[in-house]
Structure formats: structure tokens, C-alpha cells
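Participant: just coords:
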Ligand SMILES: Nc1ncnc2c1ncn2[C@@H]1O[C@H](COP(=O)(O)OP(=O)(O)OP(=O)(O)O)[C@@H](O)[C@H]1O
């Protein structure tokens, strides 16, 4: 190779090196933000989610006080039980109390079909391993091992890891199922009998605690609460004043204070009119009316026909559900009267 050729091929190699180096530099610059460890990337999103969830919670002097009372019981190791009529705000309050404890939160919703297996865990399949010995071709030896796969239930996981457990509507589960909670609250262990596990129990983490919620016994589909369990809980009633309720409607549905007053007024008048239909006074129904009116740009005004219609749509079915009357025509008339009375 001539000297000239050698120089040009060296130059080409040097050029290539430089190009490679530049490409790498560019790549590392482009990926600079990603150079933060995965731990740096995820928490801001998580924090944002947490903030979003809690941003929706409307705080008043009354809710603050209730949260404080609940928190000091939990802090001292006692489980609490929030009781109140449907739509009173028990679940929202339980979630808020739990979020403030800075422990992971697990939520279980009671129902009559829930079993010990759902709470404790169970066998979710089989794993088999095969050992084939054909070292000597003519001899074929096979050994099969079958192992059952155990998946811990939500309760076991929460108790072992020290979560705050929200057991929502616990009195909808059968008392036999809820008996499990007696050992947890009294002996701080979860018994594993009947689970085919080698160990007899799982110890409960010191930070583990439970927030129970329930409706009063008059509600359909609710089992009587066992004395033994109730004895171990501190029961707090959730029954907000008109002021707190209107504040929740105002801020959550993003309406004016006087509009929140009109909406809650409709519900109060309706409850007056059909006293036997206990349960009509629900923050949930009030939020539905206010939100629909707000989103559909309907004026929250008893003179407005569309507003009356929204109230009838949301509430007529509820009047029938709570046995205030038996037909939609009658229920709609009752709701219309309740709206008129707020003028
Ligand atoms: N302080 C609050 N801030 C914001 N929203 C609230 C507040 N309290 C209650 N709510 C809202 O009111 C509605 C009813 O509340 P929630 O579901 O907690 O009632 P509940 O008593 O658990 O009802 P149920 O017994 O039927 O389950 C929900 O939409 C909830 O988000």
C-alpha cells in the first residue's frame, strides 16, 4: 500500500472513531433524563396520584375533628368502626383516615359470598417437576413431583406487611367469616386452620390496623353484628351536619354555596314528605343531582323545569327502593313537590 493510501485509510479510521464518539455523545445527551434511576422516575407519578385522590376529599372542621378522633384510636392500636346510613360518607372518610397513616392500604368489601379462603388464601394451581433418568438408554426412569401453589389472601398479606385494612360494609359478610377477625384483634395472629398450610398461624405486623364500616342493621342484606366482634371495636358515627354536607356538595360538584343549599334542601324536603323511606338523605344522591346539573349546564333553581327533571331522575327510583311508594309516577310527584318547597 502506498504511503498516500495508508494516510487516507488512517484518516478514514480516525474520522469513523470521531463519528462514533459523537453519536454516542448525542445518544447519551438525548437519554439524559432517563439516566435517573427507575426509583427517581416513578415516585413523582405516585405522589401525584395520591394527591389527586386526596384532593377530592372535602375537609371541614367537622371532618377534621372526626379524623383526629379516629386517628388517636388507631394510633393506640384499636380498630375503629364507622357507622352511618347509606351515602353518609363512611367509605370516603375511611379512605382519608387510612391515607393519612402513611402505611399501604388494602380494601376489602364485605358480601355474603366472601369466604375464609378469599381472606386467607388458597391453592391456585399445581406445579409439577419431572426428573428423567435415561443415562442408560435401555432403562427409563421418571420421577414426577407435584406441588400445590399457595396464594395468600388479601387479609394475610395486609396483616403480615402492616397495612391499614379497610373492611368496607363488613356486616354484609357472614358472621362465620368475620369470626376470623376475633383472633386477629385479640391475639394478633391469623389462624390458618383449614388452609392446608404447614404453619398454624401468621403473626400480625405491629402497624397493622383495621377500619371497619357498616350500615345500620335495618338495611337489607346486612347480618347482625356479633357482640364479640363489636366489643373489640370503637364505633364512631358518621352523620354530618347540614353545613358539612353542603360544603361537600359545593366543592365536590363545583357549584355555588346557594346551589348546594338548594340541592340538599330538595333531599331534606323529600325525606320530610316520605318519612318512612329512611335513607333518602344521601350525599351520593345530592352529588349526582349537582354534578349532572353542573355538567349539563342546567340552572340549579327550583323554577327550572330541567332541574326538576334531574331531581326526579335521580330520586324517583330511590323513593321506590326505600319503599316510600310503589310507582314511578307517584315517586316523581313526591320529588316534584320537594323541589317546589325549596322556592
Ligand atoms: N368529605 C368528603 N369529601 C368529598 N366527597 C365526599 C366526602 N364525604 C363523602 N363524599 C362523597 O359522598 C358520596 C357518598 O360517600 P360514601 O361512599 O363514603 O358513603 P358511605 O357512607 O360509604 O355509603 P354506603 O354505605 O352506601 O357505602 C361519595 O361520592 C363520596 O365520595
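Facilitator: Cool, got the structure. Quantities reported herein were computed from a predicted structural model and do not represent experimental measurements.
Participant: quick one: residue 319 from the ligand, how far?
Facilitator: Applying CB to the nearest ligand atom, to the nearest Å, the value for residue 319 to the ligand is 17 Å. All C-beta spots, glycine's among them, are computed from the backbone N, C-alpha and C.
Participant: Enumerate every residue touching that residue.
Facilitator: Going by CB atoms under 8 Å, 6 or more residues apart in numbering, residue 319 touches 270, 274, 277, 280, 325, 331, 334, 335.
Participant: which residues sit in contact with whatever residue of the stretch 101-250 of the chain ends up closest to the ligand?
Facilitator: Nearest residue of the stretch 101-250 of the chain to the ligand: residue 248, at 4.6 Å (CB to the nearest ligand atom). By CB under 8 Å, 6+ apart, residue 248 lies in contact with 58, 60, 89, 240, 283, 287.
Participant: Need those in TSV (columns: secondary structure).
Facilitator: Listed next are the contacts of residue 248 as TSV, based on DSSP: H, G, I helix; E, B strand; the rest coil:
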residue	secondary structure
58	coil
60	coil
89	coil
240	coil
283	helix
287	helix
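Participant: sorry, back to before: so for the contacts of residue 319, which is the shakiest by pLDDT?
Facilitator: Lowest pLDDT within the contacts of residue 319 is found at residue 277 (82).
Participant: wouldn't it be in contact with residue 322 here?
Facilitator: Yes: distance between residue 277 and residue 322: 3.7 Å, which falls inside the contact criterion (CB atoms under 8 Å).
Participant: And these two? Which one has more around it.
Facilitator: Counted by other CB atoms under 10 Å, residue 277 and residue 322 do not tie: residue 277 has more neighbours, with 20 against 17.
Participant: Apart from its neighbours in sequence, what residue is nearest the more buried one?
Facilitator: Spatial nearest neighbour of residue 277, chain neighbours left out: residue 324 (3.2 Å); criterion: CB to CB, 6 or more residues apart in numbering.
Participant: element containing that neighbour, please.
Facilitator: Using DSSP states H and E, residue 324 sits within no helix or strand.
Participant: Check residue 111 too.
Facilitator: Using DSSP H and E, no helix or strand contains residue 111.
Participant: Next, work out how far apart the closest residue to it other than its chain neighbours and residue 239 are.
Facilitator: Leaving aside its chain neighbours, residue 111 sits nearest to residue 172 (5.2 Å; criterion: CB to CB, 6+ apart). Remark: distance between residue 172 and residue 239 (CB to CB, to the nearest Å) = 20 Å.
Participant: So residue 306 is in contact with residue 300, correct?
Facilitator: No: the pair residue 306 / residue 300 is not scored as a contact, 10.2 Å apart, by CB under 8 Å.
Participant: Name the residues linked to the spatially most central residue of the chain by a beta bridge.
Facilitator: Centroid-nearest residue in the chain: residue 107, 5.6 Å away (criterion: CA atoms, centre = their mean). For residue 107, the beta-bridge partners are residue 166 (DSSP bridges).
Participant: where does it land on pLDDT?
Facilitator: At residue 107, the predicted lDDT confidence score is 96.
Participant: I'd say it and residue 166 touch.
Facilitator: Yes: between residue 107 and residue 166 there is a contact at 4.6 Å, judged by CB under 8 Å.
Participant: Now do the shared contacts for the two.
Facilitator: Counting by CB under 8 Å, 6+ apart, the residues touching both residue 107 and residue 166 are residue 95.
Participant: tally of neighbours for residue 79?
Facilitator: 20.
Participant: Equivalent analysis for residue 82, please.
Facilitator: Applying other CB under 10 Å, I find that residue 82 has 24 neighbouring residues.
Participant: mind starting the numbering at 616 from now?
Facilitator: Got it, the first residue is 616 from now on, which makes the last one we talked about residue 697.
Participant: for it, helix, strand, or coil?
Facilitator: strand.
Participant: which parts of this structure sit against the ligand?
Facilitator: 671-673, 678, 699, 701-707, 828, 830, 863, 867, 898-899, 902 (CB under 6 Å from any ligand atom).
Participant: Okay, now the unreliable bits of the stretch 766-915 of the chain?
Facilitator: Along the stretch 766-915 of the chain, the parts satisfying pLDDT under 70 run over 808-813, 832-836.
Participant: how does it look with 90?
Facilitator: Counting by pLDDT under 90, the stretch 766-915 of the chain shows low-confidence ranges at 766-769, 771, 790-792, 794-795, 798, 801-802, 804-818, 830-843, 890-894.
Participant: Going along the chain, name the strands of it.
Facilitator: In the stretch 766-915 of the chain, the strands defined using DSSP state E, counting those that start in this stretch lie at 779-783, 804-806, 816-818, 824-829, 849-852.
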